[in-house]
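# build the 3D model from these lines:
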Amino acid sequence: MRPDILNPLFAEVTALKGVGPQLAKPLERLGLARAVDVAFHLPSGWIDRLPREELDAADVGRIIAITLTPVNYRMGGSARAPSRVEAVDAKGNYVTLVFFGGNSGWAKKQLPLNEPRWVSGKLDQYGQELQIVHPEVVAPEAAEPGGREAIYPLSEGMTSKRLAALAAQAVERAPELPEWIEPSLKDRNGWPDWREALARIHADPADARARDRLAYDEVFANQLALMLVRGAARAKKGRPLAGDGRLRDKLRLPYTPTGAQARTIREIEGDMAQSRPMLRLLQGDVGAGKTLVAAMALLIAVEAGAQGAMLAPTEILARQHFETLQRLFSGLDVRIAILTGRDKGRGREATLMGLHDGSIDILIGTHAIFQQGVEYRDLGLVVVDEQHRFGVAERMMLQAKAKVAPHLLVMTATPIPRTLQLATHGEMDVSKLDEMPPGRQPIETSVISEERLEEVVNGLARHLSGGGQAYWVCPLVEESEKVDLAAAEERAAALRARFGERIGLVHGRMKGPEKDAVMARFASGELGVLVATTVIEVGVDVPNATLIVIEHADRFGLAQLHQLRGRVGRGGGRSVCVLLRGGTLSETARARLALMRETNDGFRIAEEDLRLRGAGEMLGTRQSGEQTFRLAPPEKFAELIGAAHADARLLVDRDGGLQGERGAAARVALYLFERDAAVGLLRAG
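Predicted coordinates:
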């Protein structure tokens, strides 16, 4: 339960003076629903207003603050013409104040003749004339002497001045809190107390020590929460699952596992043999062989007399895993079943009965496998694929199906940089598949301007005539499935005009059976090209598909481009990825595309993605149900995470965790930064 001392901060935003239903709307658009949200909505920059007694051409290009007296109006003759107000400073130097938009009445009201006004704005020179375009104007009694003004991220209907006033109110509600940072660390960095840091950053956005202190606090609370989660999970009574090898020894693999696969399987086998539940994250680049590792873990569970469940984010991926494991386990005494939201009637009932009586050893499926009514006889291992698509709550619901805490293996094909591992999976042991299976060739990647689209289509024609197949990923138009779908339909129609009915289309709005039918036609070779929107995961393994074209590749993030590219290169032959780019590129887009052309290494790409996009954006796209970072700026993240991790470890190992004086302060920090929910959830689980 949240400590009472924090209640004023967690009041609704309407508790702030002057915030009614009308002002609450732009605040809501910014995600500011409570006073604490306003307090944590930090300035993104600032304006330095230079106080001046008189005008000086040397200040051209700077923002100045000066007292001026209007002496003449030069209003435009039409609604579109600018309004000009001639004014003088205390020494009689002239400047023209320019207002566009034709609102001469407003200019006259703000600047009555012969009455001094405090004016601030950027001083420009037009010919021989000094001028300020759209200056800020206030009466002399409300005048400010210049100085630093905070600039905030805004939405329509909100100004930085208004937000600054609301932030000041929110900070007033913030209590003095006991110190949770280890004293020597705080002293070494010269950090202020928490409340002082909050007040200072709103007053002076350039205050680096205040900003670093607040960022550190949030990262520290995150690290502490993950350590407590890990401790709670480790303290749960699990049970050892020691396989006897009878199933794995009979497995006939078409290839020898890589050294990384063999090492990871040994790590998992060691974890599962312990009485405390395994908590392991398996990172593997696209095509590195995570499925084989998961299969071995599932066989260990079955050999030990338990059941295994594998959770996939989409029906396509679940069915692909089901078919892969069926082929892999052919000839073994292992019963596998699949359960998705599509399964109904007698088939579903038979699966549920088999789970309950233990005649099904391994269940593969989507969210359906942890819903109400699904009961396992003896669930011992949970495998979560593409874990970033699931929240903590969903993982816990599946784990709760076990009588005692099951072993947990979560997998991701999106390599996570080291700094983000600590932030997002600090409670887990990490295994990394950093080798590719033998025979896999690097995918050749080329970047081509969209102006050469016809050449690309002609290349596609040659590819198809040679018996190849291809994916064509449609442009990411905007965050709108409807608009993306329209673009995909248009591209599919254009390609059908050239290639006839060999073109298939899949998108997120198709129903499961319809989507599966198109996928099956592509997998069988009946279709030559699969056109797809980006809202679905093209999870079909088609070794004959050795070409992928990605339109408007400059609009995609590195991680997404790398994932899409990984749809080809699944056979032993040469594969090609064509990145179609727009006419004008930002520096970031240019850097992304250059890196994609240069390397197939997903781990290197992930590190570069972190550098180009920052932790904030990467974490902002993490799984639902997990808190993102609001105060930790991306450029500081890597610098702070190590110290925060070490400090949290010190608190847990040396200072008694949440017991004692510092522990009580840290408990308040967990509630302040809303890291308490995940801890409570995992403890309950």
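
# show me where the stretch 1-150 of the chain has its strands.
45-51, 63-74, 83-88, 94-99, 117-126, 129-133, 136-138, 147-151 (DSSP state E, counting those that start in this stretch).

# tabulate those (TSV), appending mean neighbour count and mean pLDDT.
For glycine as for every other residue, the C-beta is placed from the backbone atoms N, C-alpha and C. What follows is these, written out as TSV (neighbours: other C-beta atoms under 10 Å; pLDDT from 0 to 100):
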stretch	mean neighbour count	mean pLDDT
strand 45-51	15	86
strand 63-74	18	92
strand 83-88	21	93
strand 94-99	20	93
strand 117-126	18	91
strand 129-133	18	94
strand 136-138	16	77
strand 147-151	17	80
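
# closest to residue 29 out of those?
For the strands of the stretch 1-150 of the chain, proximity to residue 29 was assessed by C-beta to C-beta; strand 147-151 is nearest, at 17.6 Å.

# what helices and strands are in contact with that closest one?
Packing contacts for strand 147-151, counted by 3 or more C-beta pairs under 8 Å, 6 or more residues apart in numbering; DSSP states H and E, involve strand 45-51, helix 160-173.

# may I see the ones you listed organised as TSV, with distance to residue 185 added?
Formatted as TSV, those follow (distance: least, C-beta to C-beta, whole Å):
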stretch	distance to residue 185
strand 45-51	28
helix 160-173	24
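
# so which of those is nearest residue 632?
strand 45-51 (17.2 Å).

# what packs against that closest one?
strand 63-74, strand 147-151.

# dump the ones you listed into a markdown table; add distance to residue 656 as well.
Shown next, in a markdown table, are the helices and strands packed on strand 45-51 (distance: least, C-beta to C-beta, whole Å):
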| stretch | distance to residue 656 |
| --- | --- |
| strand 63-74 | 52 |
| strand 147-151 | 40 |
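
# for residue 261, which of these is the nearest?
Short answer: strand 147-151, nearest of those by C-beta to C-beta, at 51.3 Å.

# contacts for that closest one?
43-49, 51, 65, 160-161, 164, 202-206 (C-beta atoms under 8 Å, 6 or more residues apart in numbering).

# stretch 17-24 now?
In contact with stretch 17-24 (C-beta under 8 Å, 6+ apart) are residues 13, 14, 27, 157, 158, 162, 165, 166, 169.

# tally of neighbours for the fifth one?
Read it as residue 158. Residue 158 is flanked by 19 other residues according to other C-beta atoms under 10 Å.

# now it: closest residue in space, sequence neighbours ignored.
Closest residue to residue 158 apart from its sequence neighbours, by C-beta to C-beta, 6 or more residues apart in numbering: residue 26 at 4.2 Å.

# and the fourth one, by the same measure?
The spatial neighbour of residue 157 that comes closest, neighbours along the chain excluded (C-beta to C-beta, 6+ apart), is residue 26 at 3.8 Å.

# surely residue 113 meets residue 71?
Yes - using C-beta atoms under 8 Å, residue 113 is in contact with residue 71, at 6.5 Å.

# quickly list what's touching both of these two.
With contacts taken as C-beta under 8 Å, 6+ apart, residue 113 and residue 71 have no neighbour in common.

# what's the residue nearest to residue 157 in contact with, if anything?
Residue 26 is in contact with 154, 155, 156, 157, 158, counting by C-beta under 8 Å, 6+ apart.

# let's go with 6 Å and repeat that
Residue 26 sits next to 155, 157, 158 when contact means C-beta atoms under 6 Å, 6 or more residues apart in numbering.

# buried sites along the top helix by length along the chain?
Ranked by residue count, the top helix of the chain under DSSP state H comes out as helix 208-235. Buried residues in helix 208-235, counting neighbours by 16 or more other C-beta atoms under 10 Å, are found at 210-230, 232-233.

# centre of the chain to that helix, how far?
The chain centroid and the centroid of helix 208-235 are separated by 18 Å, computed with C-alpha atoms, centre = their mean, to the nearest Å.

# next one: residue 236 from residue 273, what distance?
17 Å (C-beta to C-beta, to the nearest Å).

# which element follows the lowest-mean-pLDDT helix or strand in the chain toward the C-terminus?
Within the chain, no helix or strand scores below helix 615-620, which has a mean of 42 by mean pLDDT, DSSP states H and E. Note on helix 615-620: by DSSP states H and E, the next helix or strand toward the C-terminus is helix 634-653.

# show me what that following helix is packed up against.
With contacts taken as 3 or more C-beta pairs under 6 Å, 6 or more residues apart in numbering; DSSP states H and E, helix 634-653 sits against helix 208-235, helix 418-425, helix 615-620.

# buried residues in the next helix or strand after that helix, which are they?
Per DSSP H and E, helix 634-653 leads on to helix 660-672 as the next helix or strand towards the C-terminus. For helix 660-672, the neighbour count (16+ other C-beta under 10 Å) marks 662, 663, 665, 666, 667, 668, 669, 670, 671, 672 as buried.

# next: stretch 506-525.
Residues 506, 507, 508, 510, 515, 516, 518, 519, 522, 523 are the ones in stretch 506-525 that count as buried (16+ other C-beta under 10 Å).

# among the residues you listed, which lie within strands?
Among the buried residues of stretch 506-525, the residues falling in strands (DSSP state E) are residue 506.

# out of the buried residues of stretch 506-525, show me where the pLDDT dips lowest.
Lowest-confidence member of the buried residues of stretch 506-525: residue 508, scoring 74 (pLDDT).

# phi and psi next, for that one.
With angles defined as degrees, to the nearest 10, residue 508 sits at phi -70, psi -20.

# from residue 312, how far off is it?
Relative to residue 312, and taking C-beta to C-beta, residue 508 is found at 16 Å.

# now residue 503
Distance from residue 503 to residue 312, by C-beta to C-beta: 27 Å.

# circling back to that earlier point, out of the strands of the stretch 1-150 of the chain, which is closest to residue 542?
Closest approach to residue 542 among these is made by strand 45-51 (48.9 Å; C-beta to C-beta).

# roughly how far is that closest one from the heart of the chain?
On C-alpha atoms, centre = their mean, the centre of strand 45-51 falls 33 Å from that of its chain.

# how about stretch 643-662?
28 Å.

# what is the mean pLDDT for that stretch?
So the average pLDDT for stretch 643-662 ends up being 86.

# quick revisit: packing partners of the longest helix of the chain?
Contact partners of helix 208-235 among helices and strands, from 3+ C-beta pairs under 6 Å, 6+ apart: helix 194-203, helix 634-653, helix 660-672, helix 676-684.

# any chance of those helices in TSV, plus distance to residue 442?
Listed next are these as TSV, based on distance: least, C-beta to C-beta, whole Å:
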stretch	distance to residue 442
helix 194-203	47
helix 634-653	28
helix 660-672	45
helix 676-684	39
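
# nearest to residue 352 among those would be which one?
helix 676-684 (25.6 Å).
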